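1. My questions are about this predicted structure, shown below with the sequence.
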Amino acid sequence: MAEQNKMEKIVSLCKRRGFIFPDSEIYGGLANAWDYGPYGAELKNNIKRRWWKKFVQDREDMVGLDAAIIMNPETWKASGHLSEFSDPLVECLKCKKRYRADELEAETCPACGGKLTNPKKFNLMFKTFIGPAEDSANVAYLRPETAQGIFVNFKNIMDTMRPKLPFGIGQIGKAFRNEITPGNFIFRTREFEQMEIEYFMAPPEKDKDWQAVFEDWREQMLDWMKKLGLDVKRNIHELEVSEKERAHYSKKTIDFEYEFPFGKEELYGLAYRTDYDLSQHAKFSGADLSYTAEDGKKIIPHVIEPSLGVERTVLAVLCESYGEENLTQPSPSQGEGKIETRVVMKFPFWLAPVKIAVFPLLKNKPALVKKAKAVFAKLKVDYACEFDDNGNIGKRYRRQDEIGTPFCVTIDFDSQELDDVTVRDRDSMKQVRVKIGELKEYFEKKFK
Ligand SMILES: [Zn+2]
């Protein structure tokens with residue numbers, strides 16, 4: 001499968017099957033903005049819930065936070081975003097198209113060959129106004145990262161939770177960047193969601209002190225990528241960002257890159273940010289953001305930041321899970337001898353938007369429908385389930401394959417007498433008969 005082709009197929013499947021729609025489509029859409037449909041919303045929520053459980057709830061050294069998107073603009077002075085958070089922008093003098101200067105290979109417009117302006121700095125923060133007066137006194141910004149919401153709450157967390165170093169604060173939330181060149185489906189969008197951790201530790205005395213914490217987080221992130229079903233050996237590449245390219249205050253940054261169909265691109269980041277952020281906020285706000293160590297000494301903690309994007313996670317999972325299989329057995333609908341291609345999303349079970357689909361074999365047999373509804377009602381207590389009685393059974397299987405449902409349960413004529421169902425496995429397509437009374441135990445084992 002050609003890679004570009006694969007991307008088109010994934011975009012098309014996402015639209016067709018209710019994962020991801022172009023935003024405000026009935027008005028012609030909005031470039032590079034996307035809406036998550038029923039299955040996309042489930043997939044996204046599964047990712048966020050699992051991340052929160054793994055990195056916040058299951059750890060004794062972590063707490064959670066949910067800070068506001070619009071913050072006091074002083075925040076962005078302290079963080080450096082107002083002065084530094086910009087890309088070099090050039091404009092074509094002929095066709096007026098705009099580009100990021102650092103992404104252009106030639107010195108002329110790629111669209112028309114026209115001359116380009118000199119690069120000027122373009123701040124990536126979305127500007128807005130608070131209240132009815134649109135003047136400079138009321139300017140505010142949509143946060144370009146969730147991290148600063150954590151730093152400005154450091155004192156609140158210290159005062160209320162009294163954590164001991166090392167400890168971390170995790171947050172999931174939206175962030176906004178007015179990107180000059182967004183694109184590649186949901187890879188780079190102007191509105192996106194982050195799952196970020198700021199992990200605070202005592203100022204390291206030796207390099208190996210922070211290196212050990214950094215290494216631990218590196219392993220935690222790799223473990224998370226494995227949980228997502230990503231082929232870490234083949235598709236994840238770690239890139240240490242050079243001193244020249246990383247932020248001036250960062251002592252080490254690793255990008256985890258994923259082999260997307262459009263190329264190797266950043267999936268996650270891990271950075272050692274020293275005490276830069278807390279020191280800046282202490283300086284600009286005048287607040288005491290120190291931590292009192294056991295010996296009574298006041299210290300400014302240092303920070304390791306594992307930063308993950310929700311949409312990039314969704315995209316990597318979609319790319320990794322997408323599969324096409326040629327079925328050897330001829331399908332009646334396609335005529336003898338024709339090879340049918342099965343499209344299947346092989347999500348890890350915990351990620352699948354629907355865990356079990358329940359079908360009556362035929363929808364015009366009330367006894368079958370009634371029994372199927374009873375099975376559905378039982379299973380949906382514990383699993384995200386879907387009831388479907390539309391079209392022939394083969395089509396219903398294909399539809400569930402395309403949304404990655406691990407199991408389909410069918411109630412057929414034999415079910416009437418035997419009080420059992422067929423359970424069809426997404427990956428092997430094998431079917432087994434299971435007594436209705438044993439279904440609960442059967443799925444407990446499968447979803448363990
Ligand atoms: Zn041009």
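-> Great, that's in hand. Numbering: from 1, shown residues only.
2. For burial, what's the neighbour tally of residue 381?
-> Counted with other C-beta atoms under 10 Å, the neighbours of residue 381 add up to 8. (C-beta placed from N, C-alpha, C; glycine too.)
3. Can you list the strands that the helix or strand hosting residue 386 pairs with?
-> Here residue 386, judged by DSSP states H and E, is contained in strand 385-387. Next to strand 385-387 in the sheet, as set by DSSP bridges, lie strand 356-360 (parallel).
4. returning to that earlier point: for the strand holding residue 386, list every residue counted as buried.
-> 385, 386, 387 (16 or more other C-beta atoms under 10 Å).
5. what residues are up against residue 429?
-> Going by C-beta atoms under 8 Å, 6 or more residues apart in numbering, residue 429 touches residue 397.
6. how about a cut-off of 10 Å?
-> 325, 327, 329, 342, 344, 397, 401, 408 (C-beta atoms under 10 Å, 6 or more residues apart in numbering).
7. Nearest residue to the second one in space, please, no chain neighbours.
-> Distances taken as C-beta to C-beta, 6 or more residues apart in numbering place residue 340 nearest to residue 327, at 4.7 Å, with adjacent residues excluded.
8. Go through the buried residues of strand 385-387 and say which is closest to residue 237.
-> Closest approach to residue 237 among the buried residues of strand 385-387 (C-beta to C-beta): residue 386, at 36.9 Å.
9. Figure out the helix or strand that the nearest residue to residue 42 once chain neighbours are set aside lives in.
-> Nearest in space to residue 42, with sequence neighbours left out and distances taken as C-beta to C-beta, 6+ apart, is residue 353 at 3.6 Å. Residue 353 is located outside every helix and strand, with elements delineated by DSSP H and E.
10. Can you get me a residue count around residue 353?
-> Residue 353 has 24 nearby residues by other C-beta under 10 Å.
11. what about the longest helix belonging to the chain, distance to the chain center?
-> Ordering each helix of the chain by length in residues (DSSP state H) puts helix 207-227 first. Mean-position distance between helix 207-227 and its chain equals 19 Å (C-alpha atoms, centre = their mean, to the nearest Å).
12. Show me what it packs onto, helices and strands only.
-> helix 38-52, strand 191-201, helix 232-235, strand 236-240, strand 252-260, strand 263-274, strand 302-309, helix 310-321 (3 or more C-beta pairs under 10 Å, 6 or more residues apart in numbering; DSSP states H and E).
13. Give the buried residues for that helix.
-> Here helix 207-227 shows 210, 213, 214, 217, 218, 220, 221, 222, 224, 225 as buried, counting by 16+ other C-beta under 10 Å.
14. Return the closest of the residues you listed with respect to residue 427.
-> Among the buried residues of helix 207-227, and counting by C-beta to C-beta, the member closest to residue 427 is residue 225, at 20.7 Å.
15. Please report the distance of the nearest residue to the closest one once chain neighbours are set aside from residue 259.
-> Nearest residue to residue 225, sequence neighbours excluded (C-beta to C-beta, 6+ apart): residue 232, at 5.4 Å. Going from residue 232 to residue 259 by C-beta to C-beta, to the nearest Å gives 11 Å.
16. Many thanks, we can stop here.
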